[in-house]
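Asks: what shape does this take:
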Amino acid sequence: MTPLALTVLHLTSPVPVPALLVDRVLETVLRRVFALVIVLLARARVRLKNRH
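Replies: This is a model prediction of the structure:
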């Protein structure tokens, strides 16, 4: 997230900044891992489909 978005979020819901940053980083990492798993599964499916 951009610093501006983090600042606005912090102003609307006062949460300690370190906790907010950890939450956002964790969320970003989980989304990327989930996207990577989907891509790898899609590629594997295409490879299996092309074998037959």
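
Asks: what packs against the helix or strand bottoming out on mean pLDDT in the chain?
Replies: Of the helices and strands making up the chain, the lowest-confidence element is helix 3-12, at a mean of 77, by mean pLDDT, DSSP states H and E. On a contact count with 3 or more C-beta pairs under 8 Å, 6 or more residues apart in numbering; DSSP states H and E, helix 3-12 meets helix 17-51. Where C-beta positions appear, they are placed from N, C-alpha and C, glycine not excepted.

Asks: can you point out the buried residues in the helix it packs on?
Replies: Leu20 (16 or more other C-beta atoms under 10 Å).

Asks: who are the packing partners of it?
Replies: helix 3-12.

Asks: put the alpha carbons of the helix it packs on into CSV.
Replies: In CSV, the C-alpha atoms belonging to helix 3-12 read as follows (Å, rounded to 0.1, in the frame of the first residue of the first chain):
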residue,chain,number,x,y,z
PRO,A,3,2.0,5.7,2.4
LEU,A,4,-1.0,7.9,1.7
ALA,A,5,-3.4,5.0,2.0
LEU,A,6,-1.8,3.9,5.2
THR,A,7,-2.0,7.4,6.7
VAL,A,8,-5.7,7.7,5.8
LEU,A,9,-6.4,4.3,7.2
HIS,A,10,-4.6,5.2,10.4
LEU,A,11,-6.5,8.4,10.7
THR,A,12,-9.9,6.7,10.4
